[in-house]
Every structure is written in C-alpha cells, then in structure tokens.
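**Q** Test case, fold it:
(chains A and B)
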Amino acid sequence: MSTNAIIYISVCAVLLLVSLIANRQKTLMGLKRGWFMFRNILVPFLNILILVSVALYLIPPSIISRFLGPESGALGMLIAAVVGSITLIPGFISYPIAASLIKQGASYMVVATFMTTLMMVGVMTLPLEIKYFGKRVAITRNLLNFVAAVIIGLVVGLVL
Amino acid sequence: MKKYFQKIRPYIWLIVFAIFILVSLVLQFQSGKTIATNFKTSLIEMITFIPFLFIIVGLFDVWVPKERIQQHIGPGSGLKGILLVTLLAMLQAGPLYGAFPVAYMLFKKGASIRNIFVYLGAFTSLKIPMLGIEIGYLGIQFTLVRTLVSLPLFIGIGYIMEWYLKDKNFVIKEP
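**A** Purely as a prediction, here's the structure:
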C-alpha cells in the first residue's frame, strides 16, 4: 500500500472516531454526504482513468517531454496556459492527468501552469460569468487570474 | 429502447472499455493488455485514498458551521473577513461556475467586494476536497508551494477589484 493511502486512512480513522464519540447522528450524516459526493464523481473519474490509460499507451514519453518537459521553455508554458484556460476539465479528474504528465517527463512548471489556468481561468464559462458580474468585471477577473496563474506556475516550477 | 439507452448513457465508456479489455484478454491482444495494466495501476492508486478523502470531507461538511461564517464577511471585516471568506470557500466543492450563485448570495448578504473576489479565488483552487486529491497525486510539496503562492495573489486580486470597482456601482445579478 502507498504512503498516501496509509496517511489518508489514518487521518480518516481518527476523525471518524472523534466524530463518532462526539455525535453519532452527525457522523452518519457526514458519511452520507461523503458517499454522495464520491458517487457523483465516480463515473467521470473512471472515464478519465480510461482516457489516461489509453493516452499513456498511444503517446510516447518522448513527445511529452519534448513539448512539455523542462527544455520546452516558453512554448511548453504557452501550450499549458492556453489549453488550461480553454478546456473545462473538472478539478478532481485533472489530477490523474497531471500526475501522469509528470511521470512521462513533463516539467513541474508546465504542469503547475496547466493546473492553475485550468482552475482559475474559464473561457468556456465566461458567458455565464458575464451574466452574473457583467462583461467588464468578468473579463477583468479572468485576465487577472490568468496572470496570477502563470506567476504561480513559474514559482512552483522554480521551487520544485 | 431509447429509454434504455438514456439509462446506460453515463456508463457507455465504462462498458465499451470493459468489452475492449475482455476481448483483448481473450485474443491475447498485446496493446489492450498494456492499456489494461495502465488502468489497473491508476484504479488502485485512486481507490486507496479517494473514498477516505470523501469521508473526511463529509465530516467537515457537517461539523463546520458555514452559516455562522457568512455573517462576518461584510465591509470593514478586515483581515478576519479575508480569513473567514477563504475558509468558507475551502469548505465548498464543485466547479467554478458553481461559485457564481454563491457569490451572488454573499453579495446579497452584504459581503464586501474584496471578500467576494477573495472567495472566488479561494474557491477556484483552495477547496479542501481538491487539495486532498492534489496531495495524493502531486505530493504535499507541490500543493504547499502552490497554495502558499496562490493565497496572497487572490487577496491581491480582491484588493485590485475593490479599488477598480469603487465608484462604479458594481452589482452581482442573478441571471
């Protein structure tokens, strides 16, 4: 079993125990909510795992490290930032993609930029955002977030 | 027939994939077997921590009083307001477009412009369920650095937006 699993299972066990002692009813409600949230993401999550397994087979690591690796420079960052801003992949399921990109030779800087733009900038959801905030504010928020996302990506890449 | 198709539609890729793997195993199709091994590895990786993460998230959900937090994020709430609004955002789940209705609700309840944009920032990338998955897949170091760099930037964006919208009669509308 991975260290990850051990940590999560232990934290979960401790919290569950404390919660059970404090209030049984609330604990059951919490378990129910957790289960519903898990059930909601399960199928999309499995679909992404399928996609990743097929992509891992089809795309050779050399291609990934060439376009997204440490030597890809500004081009890699540009690809990551643009793809991340435009696509609408739910946060949950983007992590297995990010992890496998890193395993295949993509750099932390590129992957971090992809993840941050994915989370913080929403070109696809812009029309909806405009309905709430108005055109100017929505566009400004996205632009500011884009700049922030690239900064975060750069710093993560430099530190790790 | 159509109704039946509607019912299995969400699972269509799982079904197609399962058939493909079964056929590959029977026919000793090497590519299919490699893909199956890839899938098995990532499935094990996922199933050994994600369910436990959701138990933790569910417990958080029932124990932390979100309504009480919302009362303390109006104009003049200062640093405490920023901290509370960040905490509130961290306890949510779901995609960014799910945050817009909440932003509207916060606006109606009198949250300051700055806090609303700090909320949106924190909502995009500091949600606890997502941090849990991020740590699981990319490591605690990655998550820690990304979070620590993100938070001041979001607060900065909150201040910029507040300054930018100061005399502009900014309202959040419900579509």
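**Q** Give me the pLDDT value at A:Met1.
**A** The model reports A:Met1 with a pLDDT of 57.
**Q** Show me what residue of chain A gets nearest to chain B.
**A** Across chain A, the shortest distance to chain B (Cβ to the nearest Cβ) belongs to A:Gly34, at 2.6 Å. C-beta coordinates here come from the backbone N, C-alpha and C atoms, glycine included.
**Q** OK, contacts around that residue?
**A** Neighbouring residues of A:Gly34 by Cβ atoms under 8 Å, 6 or more residues apart in numbering or on different chains: B:Phe54, B:Ile55, B:Ile56, B:Val57, B:Gly58, B:Leu59, B:Asp61.
**Q** again, 10 Å this time
**A** Contacts for A:Gly34 (Cβ atoms under 10 Å, 6 or more residues apart in numbering or on different chains) come out as A:12, B:51-62, B:129.
**Q** What of A:Gly76?
**A** By Cβ under 10 Å, 6+ apart, A:Gly76 lies in contact with A:65-70, A:106-107, A:109-111, A:113-114.
**Q** Sticking with it, tell me its helix or strand.
**A** With elements delineated by DSSP states H and E, A:Gly76 resides in helix A:73-86, which encompasses its position.
**Q** I'd like the next helix or strand past that helix.
**A** Tracing the chain past helix A:73-86, the next element assigned as helix or strand by DSSP H and E is helix A:91-103.
**Q** in that next one, what's buried?
**A** Across helix A:91-103, burial judged by 16 or more other Cβ atoms under 10 Å in any protein chain shown covers A:Gly91, A:Phe92, A:Ile93, A:Ser94, A:Tyr95, A:Pro96, A:Ile97, A:Ala98, A:Ala99, A:Ser100, A:Leu101, A:Ile102.
**Q** In space, what's closest to the second one - neighbours in sequence excluded?
**A** With sequence-adjacent residues excluded and distances taken as Cβ to Cβ, 6 or more residues apart in numbering or on different chains, A:Phe92 is closest to A:Ile41, at 5.2 Å.
**Q** So that neighbour sits against B:Ile50, correct?
**A** Yes: A:Ile41 lies in contact with B:Ile50 (Cβ atoms under 10 Å); the separation is 8.2 Å.
**Q** so what sits against both of those two?
**A** Counting by Cβ under 10 Å, 6+ apart, the residues touching both A:Ile41 and B:Ile50 are A:Phe92, B:Pro129, B:Ile133.
**Q** pLDDT and distance to A:Gly30 added to the residues you listed, as JSON lines?
**A** As requested, the shared contacts of A:Ile41 and B:Ile50 are exported to JSON lines (pLDDT from 0 to 100; distance: Cβ to Cβ, whole Å):
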{"residue": "A:Phe92", "pLDDT": "75", "distance to A:Gly30": "19"}
{"residue": "B:Pro129", "pLDDT": "87", "distance to A:Gly30": "13"}
{"residue": "B:Ile133", "pLDDT": "91", "distance to A:Gly30": "19"}
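**Q** Output those residues as JSON lines; include the columns distance to B:Leu14.
**A** Converted to JSON lines, these look like this (distance: Cβ to Cβ, whole Å):
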{"residue": "A:Phe92", "distance to B:Leu14": "17"}
{"residue": "B:Pro129", "distance to B:Leu14": "23"}
{"residue": "B:Ile133", "distance to B:Leu14": "20"}
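**Q** quick one: which of those is nearest to A:Leu154?
**A** Compare each of the shared contacts of A:Ile41 and B:Ile50 with A:Leu154 using Cβ to Cβ and the shortest gap goes to B:Ile133, at 23.1 Å.
**Q** Quick check: the closest one vs A:Val11, distance?
**A** Between B:Ile133 and A:Val11 the distance, using Cβ to Cβ, to the nearest Å, works out to 14 Å.
**Q** Among the two, which residue is more densely surrounded?
**A** For B:Ile133 against A:Val11, the residue with the higher neighbour count under other Cβ atoms under 10 Å in any protein chain shown is B:Ile133, and the figures read 26 against 15.
**Q** any chance you could read off phi and psi for the more buried one?
**A** Per-residue torsions, B:Ile133: phi -70, psi -40 (degrees, to the nearest 10).
**Q** Spell out the residue ranges of the helices in chain A.
**A** A:3-22, A:24-58, A:61-68, A:73-86, A:91-103, A:108-120, A:126-133, A:135-159 (DSSP state H).
**Q** how about B:Leu144, phi and psi?
**A** Backbone geometry at B:Leu144, expressed as degrees, to the nearest 10, gives phi -60, psi -50.
**Q** That one: neighbouring residues, count only.
**A** Neighbouring residues of B:Leu144 were enumerated by other Cβ under 10 Å; the total is 15.
**Q** That one touches B:Ile135, doesn't it?
**A** Yes: counting by Cβ under 10 Å, a contact exists between B:Leu144 and B:Ile135, whose distance comes to 8.7 Å.
**Q** I'd like to check which residues are in contact with the residue of chain A most remote from its centre.
**A** In chain A, A:Ile21 marks the outermost C-alpha relative to the chain mean, sitting 34.5 Å out by Cα atoms, centre = their mean. Counting by Cβ under 10 Å, 6+ apart, A:Ile21 touches A:Thr27.
**Q** What's the separation between it and A:Val43?
**A** The span separating A:Ile21 from A:Val43 equals 35 Å under the rule Cβ to Cβ.
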